[in-house]
Structure formats: C-alpha cells, structure tokens
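Asker: Okay, sequence plus prediction incoming.
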Amino acid sequence: MKRFTGLIIIAALLVAGNVFAQDDADDTHDVSFTIPEVALLDIETAGSKDIAFTVTAPTEAGEPATIGSPTNNSLWLNITSIIAAAPDDSRSISAQITTGSMPGGLDLQVQAADDAGNGDGDAGSAGAAATLDGGASHDLVTGIGSIYTADGASNGYQLTYTLSFESDAFEDLDNSESGGSVTVTYTLSDN
C-alpha cells in the first residue's frame, strides 16, 4: 500500500507541475540597450590639410602689397556625435591657434558653413567668421546634437579661411616673420 500511495503522490505532483508549466498565448523577455556617448571629429580634404597664403610685393612704388589668393575653402569638418542626455545637452565645434602666433599686420579668419546634409541628425548651426588670434577659442558651430555628417571631403561643415591685412596696421608687417606658421586646432566639446 505504501508503494501504491507513493506512486499516487508522484503522479499528482507530475500532473500539478504540468498544469503550472503550461504555455499560453503570450510570453515575455527583456531587451536591454547600450548606447555609447560619441564625440569624433576630423578634417577632410581632397588634397593636403595644410594651407599656404602668400603676401605678394607690389611692382610699382606707392602701391600696397597684396595677398595672392586670400581665401581657401578646401577643408571640411566631419563629425559623429551621440550626446549624453538628449534633448538638454548639445555640443559645439570651436577653433583656436594652439601653436605659433599670427604675423603682425595680418588677420586670419575662419568660418564654418552649415552641415552639407549628407548624413543624419541634429547639425546645429554655424555662426559668423571668427578671427583667430592669441590662442583664444572661438565657437564656429553650436547646438550640435546626435549626428553623423558622412565621411570625406564635401561632407560635414566646409571651412573657409580668409587672410587679410589688419586694418590700419600696415606698419606691423615684418619680413622677419616670413615663413612662420600657426597650428589651428578644432574641438568638438559638450556645452
């Protein structure tokens, strides 16, 4: 009888277990997401990243010196940005001279155009031209959110450099500063 009672208890447990483990019309599971914060920037061009400007001597006494080609727009800033906490956070792109100094009597300006639109996301907006001087940082594009601009020349933010004579400062031009250069650094940073 003990054996028969034991078999009945085992059978009851098996039936009860199957009743509780039965499938129904739906089921669930968790899906988790990991999204990295990203801030990548590089300068792209079809040629060299280096830019050279030349001040040309006049051929007639009494005439001013001139700048051969005072404008260069061959460089593009490409970025990929995923911000930390949308929509409150944003980023900006700034430029500054980090090595060297501008020769006296000359102004170097840079301006970023609005994003070319070949990627996707919140490109922010480009501002006015900035005069690069003394190592000060200048915002060129502000309000950047999560975006990728696409890679290569003709994608992202086109840069236009303009070299001009500083107003009322021709006396500051000095041939001893000829052959010098400055390093311009671009930074994509959180606001």
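Answerer: Right, received. Where do you want to start?
Asker: need the strands for this protein, in chain order.
Answerer: Residue ranges of the strands in the chain, as given by DSSP state E, are 38-44, 55-56, 66-67, 71-82, 91-99, 106-112, 120-121, 125-126, 130-132, 138-144, 147-148, 157-165, 183-190.
Asker: I'd like to know which of these lies nearest to Asp172.
Answerer: Each of those was scored for nearness to Asp172 using CB to CB, and the closest is strand 106-112 (8.3 Å). The way it works is simple: take the backbone N, C-alpha and C, and place the C-beta from them, glycine included.
Asker: Grab the nearest non-local neighbour of the spatially most central residue of the chain.
Answerer: Most central in the chain under CA atoms, centre = their mean is Ile79, positioned 3.6 Å from the mean C-alpha point. Closest residue to Ile79 in three dimensions, ignoring its sequence neighbours and counting by CB to CB, 6 or more residues apart in numbering: Leu41, at 4.9 Å.
Asker: so can I have TSV of the strands of the chain showing mean pLDDT and distance to Ala25?
Answerer: As requested, the strands of the chain are exported to TSV (pLDDT from 0 to 100; distance: least, CB to CB, whole Å):
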stretch	mean pLDDT	distance to Ala25
strand 38-44	97	41
strand 55-56	92	81
strand 66-67	94	77
strand 71-82	98	39
strand 91-99	97	47
strand 106-112	97	56
strand 120-121	98	39
strand 125-126	98	51
strand 130-132	97	63
strand 138-144	97	47
strand 147-148	98	42
strand 157-165	97	53
strand 183-190	96	48
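Asker: that older thread, is the residue nearest to the centre of the chain in contact with Ala116, as I believe?
Answerer: No - taking CB atoms under 8 Å as the definition, Ile79 is not a contact partner of Ala116, at 11.8 Å.
Asker: Mutual contacts of those two, please.
Answerer: When contacts are counted by CB atoms under 8 Å, 6 or more residues apart in numbering, Ile79 and Ala116 have Thr149, Gly156, Tyr157 as shared neighbours.
Asker: Ranking by neighbours, what's the top pick from the residues you listed?
Answerer: The member of the shared contacts of Ile79 and Ala116 that has the most neighbours, counting by other CB atoms under 10 Å, is Gly156 with 32 neighbours.
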